[in-house]
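> no sequence on this one, just coordinates:
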């Protein structure tokens, strides 16, 4: 039975998009692997990350004199490095995701508020931006941790705020541009409420720029958290993160370097992957950004 | 030009005021300031005396006033651990930190900028690719990992250099390299993209089309123009140097301000933390002022003053 | 019957400050403008860049609050911008901007954007909205399949038509068009202007047509008002103003229109284009006027009917209050 004819859309066919270069592919693969490990940590990990194996303390990894019992070796308490690595990946990734999202939400909201209300609100937000640019974030974070003590929630919130001004700047700048002569002004003229303007029009238009910023901020957060944990001020025991593993492994640098090498390499490869992906995304989505 | 500087100075003062306010707010929020600054095992009479001396029984805005005044007069409380004035404790560590950060800054600028310029001038050559790869490494390898690997290679395996402490100048080599390399890579990348952007401008093409030798085009047109955005990043460099110093001093057990900060945070020695916080803020503000000054001198649009067309 | 739109004595001031420590200067973008738009008729507002006509358009629609004066729409005062009442009144009046590409969201297909006013004001059901969108597109000369296209896939003229379709979605009583054709090619300009005239005949929408192009204004308007530096200097029927301009500025504008066969008599304005932050005192046009006299530097002329034919003009000379002079040196307003 013949169907009704489809209306023919008179539009040019979409161009085929070039695939990502090999390095970016590696980055995507590695990141996917890390995500998998983080999600399936309980299933993949051969031991609990606090499990002690005192008979096999400081045993080297397979290939350097160790056994398959502990493929990446053990630390000074006989804890399996591979298991701790797996759980550390999960902790570090969780914290990084949470912090990135918190930063993006807070920053974007403040940027929108500054653009929408102008006047005093905008000046206040800009003053806050000045303030956060006036101190290296590590120092600020250390100060806050000193005053308030340590807790995971505080850590995540703190890390989240490290790059908030980037999102605020983007959101404010693009919202202002849209509002002056652009589509946001037009939609406001149609009678739309501010929620509709920002939610349905401005946000989707700036989403790609924000996402690129997020992918660039993500590795910075991982590095920050690793740094703090390395100094003993980030993730506290019994929890473990990549940075804290490096911190603990430092004392055994001479005797058992594998304790810190495994997490260190993981940190480098993960931040590298996300940076490569972020750079590639930026080149593709928004050539106006530098 | 004068107006430009005046506004910058005003903003700098405002920023410092904000940091002091931040410290005050955080201090008040985290508990009883008198107790915290005096320490957990200070006798109650001392705490009360402190409270009276600092006017902590007065309304908040008066306390803020007193706090500000105390800071301005240099009274930043005593360290919990050894009871000395926080400001003295911090001041005596400054030379050690400077001994690391100044050579590191020299490395960053001396290595990073020429590498970036060279890479931009020889685009897509092997030098360019090398610079880009190293730059990415500088960005993704955290300073503590770099430091530990250097220790592993040079101190443990090869035994050439010591791994920690501050006994001789040889002890400074690895920390300085660690601190300087990462930033040099980032600076190289930034300089490269600033140069590339300038080189792509029409006036460069015009200059070389006029017959000006390439060397002169670069030194007289490209470099000065590329210097402007590069100068602005120096303020950022100072910030990352300070943050880097915190980590590097801990890796190499170097007794500087950074290491003091980490220890103080661990002990919740708030007077010291507060002191270092203000010191860092003052340093950053001054660095940014210097950058603004340089920027004002370099950018002829600002030098000539805001003389708009009628 | 009361006019659809009545604006009386509108004043809008902006304050600019040069740098953080500079002086504050007042810029009077609109300085006492009164106008009326009748139902189903078009009022043309013409003037050069910076004369305040765009600001007038925004004031008339209530997008900004005037610092003085009042706007009444259909007899009722205009609600303040941003309020729910103001938003609801958008269904009855719309603005068409100069840049159609900027006025459209580049991420949404054109059809969705034409339907948006219907969604905002909850008109009709989703099924009926699709049919209405098709009708609207057809009425502006587009095809229904254009609804699936994105703004950057359309030509400039098609985009402006889409913007018009969106503006007409709620069947507004008033349309304010701010330089709607300036961004288009000349051949397309004529099409869009004809479209505007057509739509007005069919739907009875009143139009405030703002432009710097006197010819375009004349083609679509029933009445014309000429603006200079925030004030209306002449008002009348388009043909009358075009063939017999009363105000010296209007005369210069008209003589600047190239006309084959017209010999010489081109009025070239001397002096600099006006700076609203630095107003001349008295009549704002006096520095460039070739027939100004001393009185023109002291007393601001009122817009009133001139003796004779009753043409509304704001000029001491045209009103016959003084004899024409030979021009005067500029006198600035006291700061």
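Arrived safely. Keep in mind the model is a prediction, meaning the values are calculated, not measured.

> quick one: contacts for the closest residue to chain A within the stretch 51-200 of chain C?
Using C-beta to the nearest C-beta, the point where the stretch 51-200 of chain C gets nearest to chain A is residue C:90, with a distance of 3.1 Å. Placement of C-beta: from N, CA and C, glycine included. Residue C:90 sits next to A:189-191, C:117, C:120-121, C:170 when contact means C-beta atoms under 8 Å, 6 or more residues apart in numbering or on different chains.

> from the residues you listed, which ones fall inside helices?
A:189, C:117, C:120 (DSSP state H).

> Between those residues, identify the one with the most neighbours.
Neighbour counts for the ones in helices among the contacts of residue C:90, by other C-beta atoms under 10 Å in any protein chain shown, peak at residue C:117, which reaches 26 neighbours.

> How about that one, nearest residue that isn't a chain neighbour?
residue C:169 (4.3 Å; C-beta to C-beta, 6 or more residues apart in numbering or on different chains).

> Quick check: that neighbour vs residue C:116, distance?
Per C-beta to C-beta, to the nearest Å, residue C:169 is found 8 Å from residue C:116.

> And the closest residue to residue C:196 other than its chain neighbours, how close does it get to residue B:207?
Counting by C-beta to C-beta, 6+ apart, the nearest residue to residue C:196 once its immediate chain neighbours are dropped is residue C:220, at 5.6 Å. Look at residue C:220 and residue B:207: by C-beta to C-beta, they are 51 Å apart.

> So which elements touch the longest helix anywhere in chain A?
As assigned by DSSP H, the longest helix anywhere in chain A is helix A:81-117. Other helices and strands packing on helix A:81-117, by 3 or more C-beta pairs under 8 Å, 6 or more residues apart in numbering or on different chains; DSSP states H and E, are helix A:22-39, helix A:41-44, helix A:119-133, helix A:152-160, helix A:164-180, helix A:203-230, helix A:242-249, helix A:258-285.

> returning to that earlier point: how about TSV for the ones in helices among the contacts of residue C:90, with pLDDT added?
As requested, the ones in helices among the contacts of residue C:90 are arranged in TSV below (pLDDT from 0 to 100):
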residue	pLDDT
A:189	86
C:117	91
C:120	90
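
> Relative to chain B, which of those is nearest.
Using C-beta to the nearest C-beta, the ones in helices among the contacts of residue C:90 come closest to chain B at residue A:189, 32.9 Å.

> near chain A at all, the helix or strand of chain C with the lowest mean pLDDT?
Ranked by mean pLDDT, DSSP states H and E, the weakest helix or strand in chain C is helix C:100-103, scoring a mean of 83. Yes: applying C-beta under 8 Å from any C-beta of the partner chain, one finds helix C:100-103 in contact with chain A at C:102-103.

> ok so, going back, could you work out the most separated pair of the contacts of residue C:90?
A:189 and C:121 (12.8 Å; C-beta to C-beta).

> List the residues that contact the residue nearest the centre of chain C.
The structure's chain C has its C-alpha centroid closest to residue C:210; by C-alpha atoms, centre = their mean the separation is 2.5 Å. By C-beta under 8 Å, 6+ apart, residue C:210 lies in contact with C:44-46, C:53-54, C:56-57, C:176-179.

> strands paired with the one helix or strand it maps to, and their directions?
Take DSSP states H and E as the rule and residue C:210 turns out to sit in strand C:206-211. Strand C:206-211 sits in its sheet next to strand C:42-46 (parallel), strand C:174-178 (parallel), going by DSSP bridges.

> With mean pLDDT, distance to residue C:249 and mean neighbour count added, can I get those in JSON lines?
Below are these laid out as JSON lines (pLDDT from 0 to 100; distance: least, C-beta to C-beta, whole Å; neighbours: other C-beta atoms under 10 Å in any protein chain shown):
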{"stretch": "strand C:42-46", "mean pLDDT": "92", "distance to residue C:249": "10", "mean neighbour count": "26"}
{"stretch": "strand C:174-178", "mean pLDDT": "91", "distance to residue C:249": "21", "mean neighbour count": "25"}
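
> re the thing from before, which SS class is the residue of the stretch 51-200 of chain C closest to chain A?
helix (DSSP: H, G, I helix; E, B strand; the rest coil).

> Check the secondary structure at the nearest residue to residue A:236 once chain neighbours are set aside for me.
Counting by C-beta to C-beta, 6+ apart, residue A:236 lies nearest to residue A:150, which is 5.7 Å off, once chain neighbours are set aside. Taken by three-state DSSP, the conformation at residue A:150 corresponds to coil.

> Got phi/psi on residue A:150?
Per-residue torsions, residue A:150: phi -110, psi 130 (degrees, to the nearest 10).

> ok, it to residue A:232 distance?
Taking C-beta to C-beta, one finds residue A:150 at 10 Å from residue A:232.

> try residue B:230
Distance from residue B:230 to residue A:232, by C-beta to C-beta: 36 Å.

> out of those two, which sits in the more crowded spot?
Neighbours were counted for residue B:230 and for residue A:232 using other C-beta under 10 Å; residue B:230 has more, 21 against 18.

> near chain B, which residues of the stretch 51-200 of chain A?
So the stretch 51-200 of chain A meets chain B at A:127, A:130-131, A:134-140, A:142-149 (C-beta under 8 Å from any C-beta).

> Is it correct that residue C:306 is in contact with residue C:318?
Yes: look at residue C:306 against residue C:318 with C-beta atoms under 8 Å: they come within range, at 5.7 Å.

> What helices and strands are in contact with the least confident helix or strand of chain C?
Helix C:100-103 packs on helix A:183-189, helix C:156-167, going by 3+ C-beta pairs under 8 Å, 6+ apart.

> Mind putting those into TSV with distance to residue A:57?
Shown next, in TSV, are those (distance: least, C-beta to C-beta, whole Å):
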stretch	distance to residue A:57
helix A:183-189	63
helix C:156-167	73
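
> Going by mean pLDDT, which of the ones you listed comes out lowest?
When the helices and strands packed on helix C:100-103 are compared on mean pLDDT, helix A:183-189 scores lowest, with a mean of 86.

> Would you mind pulling the contact partners of that helix?
A:175, A:178-179, A:196-197, A:201-202, A:205, C:61, C:63, C:90, C:94-95, C:97, C:102-106, C:116, C:163.

> Can you show me the strands along chain B?
Secondary structure of chain B (DSSP state E): no strands located.

> So which residues on it come close to chain C?
B:3, B:6-7, B:10, B:306.

> With pLDDT and neighbour count added, can I get those residues in JSON lines?
Formatted as JSON lines, the entries for the residues of chain B next to chain C read as follows, by pLDDT from 0 to 100; neighbours: other C-beta atoms under 10 Å in any protein chain shown:
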{"residue": "B:3", "pLDDT": "73", "neighbour count": "15"}
{"residue": "B:6", "pLDDT": "80", "neighbour count": "13"}
{"residue": "B:7", "pLDDT": "79", "neighbour count": "14"}
{"residue": "B:10", "pLDDT": "83", "neighbour count": "12"}
{"residue": "B:306", "pLDDT": "45", "neighbour count": "12"}
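
> Of these, just say which sits nearest to chain C.
For these, the nearest to chain C is residue B:7 (4.8 Å; C-beta to the nearest C-beta).

> Relative to chain C, which residue of chain A is the closest?
For chain A, C-beta to the nearest C-beta, closest residue to chain C: residue A:191, 3.1 Å.

> Chain A contacts on chain C?
C:61, C:63, C:86-91, C:94-95, C:97, C:99, C:102-108, C:116-117, C:120-121, C:145, C:148-149, C:153, C:163, C:166.

> any idea how far the spatially most central residue of chain A lies from chain B?
The structure's chain A has its C-alpha centroid closest to residue A:218; by C-alpha atoms, centre = their mean the separation is 2.6 Å. From residue A:218 across to chain B, the span is 12 Å (C-beta to the nearest C-beta, to the nearest Å).
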